[in-house]
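Peer 1: Okay, predicted coordinates and the sequence, questions at the end:
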Amino acid sequence: MSKKLIAVASAAALALSALVGIAPASAAAFGVTPSQGTDVSTAGTSATSAFTIKVPETNEIVSTTSTTTSRAIKFVVATTTATGTVNATVTGGLRILTQAQLDDADTTTATGTTTLSVAAISESATFYVYSTSTTAGTLTVTNDGNSYVKYIKGVAGTAYSISAKFPTAVTSGANSSIDVTVTDVFGNPIVATTAVAFSGGTLTTAVVGAASVVTSATAYTWNVTRKVWEGKVVGSTTPGSTALTVTLSGGLADQEANGLPSPVLSAFSALTTADLSAQVTALTAQVAALKADYNALAAKWNKRVASKTAPKKAVATK
């Protein structure tokens, strides 16, 4: 090789080594770690396997290591560069908080947002997610072209409000249903997966007016078919008009002072009651009277047929 070619090759090698020396190190790996007070043992890849977190039913949002007291999920994002930007977006009843917002004593469920951008520090960014809905929403996290998507849903809080559907009439010796819907402070229905007694408070049926009109009421249990808390009431043998109330007690204390709606603790309806045996007796008498009337008319008709004054056939009596 000539001296000239050797010189050119050496210069090229020096230039390449210089470029290698100033090239940035390889980008760090992207990752998201959820923690604190959530069931992250499930995949979170669908609504049925969503991460869960209790709703902040006192309008205070905290994130702890306890699944009992925590009301927000902590997400720590490993960014690809030391000072990258993390973008987070949520849907449904989910909301996002920064660390500073979580630490602020004035933070409530009205504070969070549906979108958030967090600047990483030393390849790490942190934010929190809470939910006021038992319907799963999605969290999407992006950084430097990478994406992370998980489903999250809230766990209904303590019983707070009720609504009820009453029968219009009750009869003695027969059960009539009172259907009650129970919700938490955010309006999420409190349900069960099996036929169990109501818990998280007490549902009580009371008679307004003459106690003799209604003889008894049963405890409320979950009807797995009709998806309601169902109580039974039985009319007495004394006919008349009355009213029933269903009352919720022992549930979550009134949260109006904390900026949440006031509870609805009772439902009311007027109705009538009748003695079932008396109704049967009365109907039997009506049927007998109708039968007698029919037979009298039939006898007259048959008499005309027999006298050949009417070109019709005789009818049978009852």
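Peer 2: That came through fine. This structure is a prediction, so every number in the text was calculated from the model and none was measured.
Peer 1: Residue 294 should be in a helix, yeah?
Peer 2: Yes. The assignment for residue 294 by DSSP: H, G, I helix; E, B strand; the rest coil puts it in a helix.
Peer 1: Just give me the neighbour total for it.
Peer 2: By other Cβ atoms under 10 Å, 13 other residues sit near residue 294. In short, each C-beta sits where N, CA and C put it, glycine included.
Peer 1: From residue 287, how far off is it?
Peer 2: Applying Cβ to Cβ, to the nearest Å, the value for residue 294 to residue 287 is 10 Å.
Peer 1: Please name the nearest non-neighbouring residue to residue 99.
Peer 2: Nearest non-adjacent residue to residue 99, counting by Cβ to Cβ, 6 or more residues apart in numbering: residue 126, 5.4 Å away.
Peer 1: So the one you found: helix, strand or coil?
Peer 2: Going by three-state DSSP, the secondary structure assigned to residue 126 is strand.
Peer 1: what bridges to it?
Peer 2: Using DSSP bridges, the bridge partners assigned to residue 126 are residue 76.
Peer 1: from memory it sits against residue 118, does it?
Peer 2: Yes. At 7.2 Å, residue 126 and residue 118 qualify as touching, with contact defined as Cβ atoms under 8 Å.
Peer 1: hang on, isn't residue 243 packed against residue 270?
Peer 2: Yes. Residue 243 is within contact range of residue 270, at 4.5 Å (criterion: Cβ under 8 Å).
Peer 1: Tell me which of the two has more neighbours.
Peer 2: Applying other Cβ under 10 Å to residue 243 and residue 270 shows that residue 243 carries more neighbours, namely 16 against 12.
Peer 1: Can you name the residues that contact the more buried one?
Peer 2: Shown in contact with residue 243 (Cβ atoms under 8 Å, 6 or more residues apart in numbering): 207-209, 268-271.
Peer 1: contacting residues for the residue nearest to residue 99?
Peer 2: Residues near residue 126 by Cβ under 8 Å, 6+ apart: 74-77, 99, 118.
Peer 1: any idea how far residue 108 is from it?
Peer 2: Shown here: residue 126 relative to residue 108, a distance of 20 Å by Cβ to Cβ.
Peer 1: can you count the residues close to residue 227?
Peer 2: Residue 227: 13 neighbours (other Cβ under 10 Å).
Peer 1: Over to residue 307?
Peer 2: Residue 307 has 8 neighbours, counted by other Cβ under 10 Å.
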